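# My questions concern the predicted model and sequence given below.
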Amino acid sequence: MTSDQTNRSQVSLLAALTIALFFILLNSGSPTPLYPLYQETLGLSNIDLTFIFSSYGFGVLLALFLSRRLTITDKNARLLVVVSLMVVVVPTLCFSFARSLQALCLFRFMSGLGAGTATAIINILLINVSRGDSAKRAALLGSLALVTGLALGPVISSVYAQLAFYPLTSPAVTIAALVFLSAIAIVLLWPKKGLPTLGVADTKTAEKGAGFSQPLFYLLALCVFISWSYAALILSLGPTAAIRVFGLQSPAGFGYIATGYLLVAGVVQFTIPRFLKPEFSLVLGLIAQVFSMVMMTMALESGSVASAAVSLALSGFSYGAVFVGGAILVNKLSLAAPGWNAVSKFYFIVYLFNIMPPAAGWLADKIGVVSALFAAIVLFMAIYITFAVLALWALLLRKA
């Protein structure tokens with residue numbers, strides 16, 4: 001095989017892997033606009049909705065934890081990625097026809113297991129296939145799939161809901177079909193001579209190198225954790241609050257709101273590293289979220305759509321700034337201690353954000369959605385202020 005043929009083969013496989021990751025992430029947020037429909041159709045409570053929301057995240061969390069023990073070689077890589085994609089396809093199809101809380105939670109959990117495993121494997125393969133070009137390409141492709149997948153997933157459900165075309169079934173069937181097709185593409189585009197030998201990190205050496213700090217690592221991870229937790233609160237209780245407080249006519253409309261929120265975060269992730277160091281990005285994001293929460297309390301008090309829009313725009317900015325700042329700094333720390341598995345531990349901690357939505361749903365059932373949002377925002381505001389002060393001292397003032 002000539003050099004040009006090899007390059008074309010690598011580019012084709014990179015494209016197939018990236019598209020597969022994109023389709024997986026479509027599945028992550030696609031049910032969000034439909035939760036009020038599930039609530040109305042199945043008679044579910046607010047906490048029931050957040051259990052469905054969190055089941056997927058807990059599946060991903062478990063998969064990320066277990067995938068650290070997964071050995072990926074050039075001989076088994078294709079089989080592993082295809083099997084993990086099928087573990088996404090089958091539960092997603094089952095979820096589309098499920099009409100009980102237990103079944104919905106079970107199939108979302110199983111789908112999360114497949115998604116977490118596939119995401120871990122695909123990211124490793126992206127780095128390996130990109131090796132001859134640049135590992136930066138792998139990071140760019142992964143970020144692109146993450147941002148666009150999370151942003152466009154709710155749009156699919158919103159479109160089906162607005163068309164009234166089997167809204168509880170069609171989105172999941174569509175995404176399952178897309179993931180299945182991406183698996184076929186990976187099989188067809190896999191290099192006939194296989195991949196280059198996959199490098200395996202030596203986990204027995206370099207446990208702690210110069211520049212590594214466990215307290216700083218946990219601070220960074222917890223900053224991103226609270227950022228994702230607040231986003232999960234907005235996305236899980238948001239559809240119901242938008243209808244009751246702000247007069248949204250259809251839950252499908254919230255899908256477009258969620259898309260705008262995530263697109264703002266995505267634009268920030270791509271642009272802010274060009275202008276600010278990651279330390280400034282993270283601290284600025286934490287401070288911006290405090291102002292966002294002040295605006296949201298004002299919006300809930302007055303029912304002002306404009307205030308809510310400003311709040312969500314600031315919150316999207318914060319989400320992107322905190323995440324990209326924290327991720328860059330954690331990657332730097334991981335280079336100082338490759339054997340400590342900093343990146344996998346980082347995402348494991350971050351995915352604990354799924355604890356928040358069930359707690360918010362339980363509170364919403366007890367005191368109402370609006371009161372629960374007020375209480376949660378006050379709690380988050382105190383946490384954000386605390387972490388903003390800690391991050392400002394640890395990342396900026398202590399180095400001055």
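Right, received. Where do you want to start? What you are looking at is a predicted structure, and each value in this text was computed from that prediction instead of being measured.
# in what helix or strand does residue 383 lie?
helix 369-391 (DSSP states H and E).
# What average pLDDT does that helix get?
For helix 369-391, mean pLDDT rounds to 92.
# That one: which residues count as buried?
Within helix 369-391, the residues that count as buried by 16 or more other CB atoms under 10 Å are 369-370, 372-374, 376-377, 380-381, 383-384, 387-388, 390-391. Just so you know, the C-beta spots here come from the backbone N, C-alpha and C atoms, and that holds for glycine as well.
# which one of the residues you listed is nearest residue 150?
residue 380 (20.5 Å; CB to CB).
# Now the closest one: closest residue in space, sequence neighbours ignored.
Excluding the flanking residues, the one nearest residue 380 by CB to CB, 6 or more residues apart in numbering is residue 230, at 5.3 Å.
# Please tell me how far the one you found sits from residue 384.
Distance from residue 230 to residue 384, counting by CB to CB, to the nearest Å: 8 Å.
# joint contacts of these two?
Listed contacts common to residue 230 and residue 384 are 289, 293; contacts here mean CB atoms under 8 Å, 6 or more residues apart in numbering.
# Any regions of the chain where pLDDT drops low?
1-7, 127, 130-144, 147, 194-212, 251-252, 334-341, 343-344, 398-400 (pLDDT under 70).
# ranges for the helices of it?
Taking DSSP state H as the test, the helices found in the chain are 3-29, 35-42, 46-67, 77-97, 101-129, 135-163, 170-189, 214-244, 252-275, 278-302, 305-336, 342-350, 356-367, 369-391.
# neighbours around the residue nearest to residue 292 when sequence neighbours are not counted, how many?
Nearest residue to residue 292, sequence neighbours excluded (CB to CB, 6+ apart): residue 314, at 3.7 Å. Number of residues near residue 314 (other CB atoms under 10 Å) recorded here: 21.
# Which residues are in contact with the residue nearest to residue 380?
Contacts of residue 230 by CB under 8 Å, 6+ apart are 289, 293, 315, 319, 380, 384.
# change it to 10 Å
Going by CB atoms under 10 Å, 6 or more residues apart in numbering, residue 230 touches 289, 292-293, 296, 315, 318-319, 322, 353, 356, 376-377, 380-381, 383-384.
# ok so, going back, now the residue nearest to residue 292: how far from residue 268?
11 Å.
# joint contacts of those two?
285, 288.
# pretty sure residue 87 is touching residue 119, no?
No. The pair residue 87 / residue 119 is not scored as a contact, 11.8 Å apart, by CB atoms under 10 Å.
# who touches both of the two?
With CB under 10 Å, 6+ apart, residue 87 and residue 119 have common neighbours residue 63.
# More neighbours: the two, which one.
residue 119 (25 against 21).
# The more buried one against residue 61, yeah?
No. Under the criterion of CB under 10 Å, residue 119 makes no contact with residue 61, lying 11.7 Å away.
# what's the overlap in contacts for the two?
residue 347.
# roughly how far apart are residue 371 and residue 365?
As judged by CB to CB, residue 371 and residue 365 stand 11 Å apart.
# How many residues are close by the closest residue to residue 99 other than its chain neighbours?
Setting aside the residues directly before and after it, residue 99 is nearest to residue 42 in space (CB to CB, 6+ apart), at 6.5 Å. Residues contacting residue 42 under the criterion other CB under 10 Å number 15.
# so who does residue 42 touch?
48-49, 98-101, 104, 168.
# Number of residues surrounding residue 36?
Around residue 36 there are 21 residues (other CB under 10 Å).
# circling back: by neighbours, which of the contacts of residue 42 wins?
residue 49 (29 neighbours).
# That one against residue 361, yeah?
Yes. Checked against CB under 10 Å, the pair residue 49 and residue 361 is within contact range at 6.1 Å.
# Now the common contact residues for those two.
236-237, 240.
# Now neighbour count and distance to residue 163 too, for those residues, in TSV please.
TSV is the format used below for the shared contacts of residue 49 and residue 361 (neighbours: other CB atoms under 10 Å; distance: CB to CB, whole Å):
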residue	neighbour count	distance to residue 163
236	24	24
237	25	26
240	22	22
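# which of the residues you listed lies closest to residue 225?
Using CB to CB, the shared contacts of residue 49 and residue 361 come closest to residue 225 at residue 236, 16.0 Å.
# what sits against residue 32?
By CB under 10 Å, 6+ apart, the contact list for residue 32 reads 49, 53, 150, 153-154, 157-158, 235-236, 238-239, 251, 254-255, 257-259.
# again, but for residue 243
36, 249-251, 253-254, 369.
# Any of those buried? List them.
Buried by 16+ other CB under 10 Å: 36, 250-251, 253-254, 369, out of the contacts of residue 243.
# Which of the residues you listed sits closest to residue 276?
residue 254 (30.9 Å).
# Distance-wise, check the nearest residue to the closest one once chain neighbours are set aside relative to residue 256.
Excluding the flanking residues, the one nearest residue 254 by CB to CB, 6+ apart is residue 239, at 4.3 Å. The gap separating residue 239 from residue 256 is 12 Å, by CB to CB.
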